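Enquirer: Quick check, what structure comes out for this input:
(chains A and B)
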Protein chains: 2
Amino acid sequence: MRGISLFSAGFARTRHFFVRARYHGGMKKVPTDLHSPGASRGAKDAEALKDPDPLRAEAPLRGMESYASITTLTETGLSSETVFEGRLLHVKLDRVRLPDGGESTREYIVHPGAVVIIPVFDNGDLLLERQHRYPLHRDFIELPAGKIDAGEADLTCAKRELEEEAGYTASEWREVTTIYPCIGYSDERLAFYLARGLVPGKLKRDPDEFLEILRVPFGEAMDWLRNGRICETKTVVGLFWLEKMLEQGW
Amino acid sequence: MRGISLFSAGFARTRHFFVRARYHGGMKKVPTDLHSPGASRGAKDAEALKDPDPLRAEAPLRGMESYASITTLTETGLSSETVFEGRLLHVKLDRVRLPDGGESTREYIVHPGAVVIIPVFDNGDLLLERQHRYPLHRDFIELPAGKIDAGEADLTCAKRELEEEAGYTASEWREVTTIYPCIGYSDERLAFYLARGLVPGKLKRDPDEFLEILRVPFGEAMDWLRNGRICETKTVVGLFWLEKMLEQGW
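Expert: All right, here's what the predicted structure looks like:
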């Protein structure tokens, strides 16, 4: 295992040891009747549980002090049930095995994933949308975005959503990044694409989708970000990333 | 009403007119037995419905072309029911009146709001956390954050979470911004605070909370953001904003 550094304050070292101790005790209790995704791996092979984190496979983390090993923080599913199946939301309630061998429950939304489009006109202006968001009872200024259909490729979805929702096609597409907006209680994934070479296309909105298309100079959009007028994560992330692409070649 | 510009392609103008026409037709049908928040305003005073958007009160939006008025995109609640009440998630299903007078349903999470702390050591290093996020079955590198208790002030929560979760107190606090992470299906609000003058305090985690504290140079954290190792919205937003504060005096 790689050397990965942990925070060095005395309590942290103690805590670290404590967590690991509880974790190893807990391992003995891991049952074999797991049925949530990824769980069987842990049940059948306790070794696998020691390093299931893709983050750790990449590179060591740096900290005040180095440890020869690292705590596994993984929670493994014991059972899973759907507690609400709506038109939009699918809510699950799973029983999980904690790293210390204890049990808890996790409630979360199962989401198909979405794309976010950063549409830039030839003169550098951005295409943005104003849309009412009922959960917050207000409008937001946003980048175009939309949920991925079953089996649909991210880029196919991005092209479809830009045309259907904003009425534009783009001749140049570039994959930008993938971001997770709500990791505490949703598995939603947001795939960002830069779209250039914009040409008017064919609007085709959902029957209950009402929005307004705006064309905004990039500098003004950044002012809106700073002053809080743009305050919704996918748009905030998309604008910051666009600035990095424009100014620092990201 | 202010002059607010709309996108000028022919279809957009047509669409705009169409939406407004449907909207005005729909207004007559707005009932008076609304009971969701903010809805009575719309029911009792149709005038109020014309400009309920705080975004529109601030400044005109710019676009390819100017209009003398703007479509109201507001959806008003007709009824609301709780469809799932979990330990963490509270899921609501509301019937809503659409801008065109039609009806639809909206499903969303009611969330107490949360704080995000950007803790910066005296030498510029960041305090970050590694935490397993069960909905995505992987670990994430994150800024410290936590849900706001009932009646708790944002800053009080930020101080509490930094100490309980990361084991630190800070002598300097600065309010940074407020961001909405998941506007399509959650009312969650994230209040960001910069914390400096860090001093070890007293760790006190929830019984089912397992995480690892990391100390990471700012430049390295930005590299992780660029290469996708940091890919979770509150942390992405916090890092970009910190860079703006450091380099451009935001």
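
Enquirer: from here on, contacts and neighbour counts on C-alpha atoms
Expert: OK.

Enquirer: Tell me where chain A has helices.
Expert: Secondary structure of chain A (DSSP state H): helices at A:10-27, A:39-44, A:46-49, A:54-58, A:154-161, A:218-227, A:233-248.

Enquirer: Now do the last one against helix B:218-227, angle only.
Expert: Okay, so that is helix A:233-248. Using axes from the mean of the first three to the mean of the last three C-alpha atoms, to 10 degrees, the inter-axis angle of helix A:233-248 relative to helix B:218-227 is 110 degrees.

Enquirer: quick one: buried residues of helix A:233-248?
Expert: Of all the residues in helix A:233-248, those buried under the rule 16 or more other C-alpha atoms under 10 Å in any protein chain shown are A:Thr233, A:Lys234, A:Thr235, A:Val236, A:Val237, A:Gly238, A:Leu239, A:Phe240, A:Trp241, A:Leu242, A:Glu243.

Enquirer: Between these, which sits nearest chain B?
Expert: Using C-alpha to the nearest C-alpha, A:Thr233 comes nearest to chain B of the buried residues of helix A:233-248, at 5.0 Å.

Enquirer: residue contacts, the nearest residue to the closest one once chain neighbours are set aside?
Expert: Among residues not flanking A:Thr233 along the chain, B:Pro181 sits closest, at 5.0 Å (C-alpha to C-alpha, 6 or more residues apart in numbering or on different chains). Residues in contact with B:Pro181 (C-alpha atoms under 8 Å, 6 or more residues apart in numbering or on different chains) are A:Pro181, A:Cys182, A:Glu232, A:Thr233, A:Lys234, B:Glu188, B:Arg189, B:Leu190, B:Thr233, B:Lys234.

Enquirer: rerun that using 10 Å as the cut-off
Expert: By C-alpha atoms under 10 Å, 6 or more residues apart in numbering or on different chains, the contact set of B:Pro181 is A:180-182, A:231-236, B:187-190, B:233-234.

Enquirer: what's the closest of these to A:Asp100?
Expert: Distance to A:Asp100, by C-alpha to C-alpha, is smallest for A:Cys182 among the contacts of B:Pro181, at 24.9 Å.

Enquirer: so who does the closest one touch?
Expert: A:108-109, A:188-189, A:233, B:135, B:181-182, B:186, B:188, B:232-234.

Enquirer: Which two among the buried residues of helix A:233-248 are spaced furthest apart?
Expert: Pairwise distances across those peak at 15.4 Å for A:Thr233 and A:Glu243 (criterion: C-alpha to C-alpha).

Enquirer: got the buried residues of helix A:233-248 as TSV, with distance to B:Val120 and pLDDT columns?
Expert: Output for these, formatted as TSV (distance: C-alpha to C-alpha, whole Å; pLDDT from 0 to 100):
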residue	distance to B:Val120	pLDDT
A:Thr233	22	97
A:Lys234	25	98
A:Thr235	25	98
A:Val236	22	98
A:Val237	21	98
A:Gly238	24	98
A:Leu239	24	98
A:Phe240	21	98
A:Trp241	22	98
A:Leu242	25	98
A:Glu243	24	98
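
Enquirer: any idea how far the spatially most central residue of chain A lies from B:Tyr168?
Expert: Central residue of chain A (C-alpha atoms, centre = their mean): A:Tyr180, 0.9 Å from the mean position. Taking C-alpha to C-alpha, to the nearest Å as the measure, A:Tyr180 falls 27 Å from B:Tyr168.

Enquirer: What count of nearby residues applies to the nearest residue to A:Val116 once chain neighbours are set aside?
Expert: Closest residue to A:Val116 apart from its sequence neighbours, by C-alpha to C-alpha, 6+ apart: A:Ala145 at 4.3 Å. Applying other C-alpha atoms under 10 Å in any protein chain shown, we find 24 other residues in the vicinity of A:Ala145.

Enquirer: Contacts only, for A:Leu93.
Expert: A:79-84, A:105-109, B:86-87, B:89.

Enquirer: show me where chain A has strands.
Expert: For chain A, the strands defined by DSSP state E occupy A:4-6, A:65-67, A:76-85, A:90-97, A:103-109, A:114-119, A:126-133, A:138-142, A:145-147, A:168-179, A:190-200, A:211-216.

Enquirer: Now mean pLDDT too, for these, in a markdown table please.
Expert: Formatted as a markdown table, the strands of chain A follow (pLDDT from 0 to 100):
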| stretch | mean pLDDT |
| --- | --- |
| strand A:4-6 | 35 |
| strand A:65-67 | 36 |
| strand A:76-85 | 96 |
| strand A:90-97 | 96 |
| strand A:103-109 | 96 |
| strand A:114-119 | 98 |
| strand A:126-133 | 96 |
| strand A:138-142 | 96 |
| strand A:145-147 | 97 |
| strand A:168-179 | 98 |
| strand A:190-200 | 97 |
| strand A:211-216 | 93 |
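
Enquirer: want to throw the contacts of A:Cys182 into CSV with distance to B:Val116?
Expert: Listed next are those as CSV, based on distance: C-alpha to C-alpha, whole Å:
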residue, distance to B:Val116
A:Tyr108, 20
A:Ile109, 21
A:Glu188, 20
A:Arg189, 20
A:Thr233, 13
B:Pro135, 20
B:Pro181, 12
B:Cys182, 15
B:Ser186, 17
B:Glu188, 12
B:Glu232, 12
B:Thr233, 11
B:Lys234, 7
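
Enquirer: what's the closest of those residues to B:Lys202?
Expert: The nearest member of the contacts of A:Cys182 to B:Lys202, counting by C-alpha to C-alpha, is B:Lys234 at 24.3 Å.

Enquirer: quick one: that closest one and B:Phe192 touch, right?
Expert: Yes: using C-alpha atoms under 10 Å, B:Lys234 and B:Phe192 qualify as a contacting pair, with a distance of 8.7 Å.

Enquirer: Residues that sit against both of those two, list them.
Expert: Shared contacts of B:Lys234 and B:Phe192, defined by C-alpha under 10 Å, 6+ apart, comprise B:Val115, B:Val116, B:Ile117, B:Ala145, B:Ile179.

Enquirer: Out of the residues you listed, who's the most crowded?
Expert: Neighbour max across the shared contacts of B:Lys234 and B:Phe192 (other C-alpha under 10 Å) = B:Ile117, 30 neighbours.

Enquirer: Tell me the bridge partners for it.
Expert: Here B:Ile117 sits in beta bridges with B:Tyr193, as judged by DSSP bridges.

Enquirer: B:Thr178 is in contact with that one, correct?
Expert: No: the pair B:Ile117 / B:Thr178 is not scored as a contact, 11.8 Å apart, by C-alpha under 10 Å.

Enquirer: Need the overlap of contacts for these two.
Expert: B:Ala191, B:Phe192, B:Tyr193.
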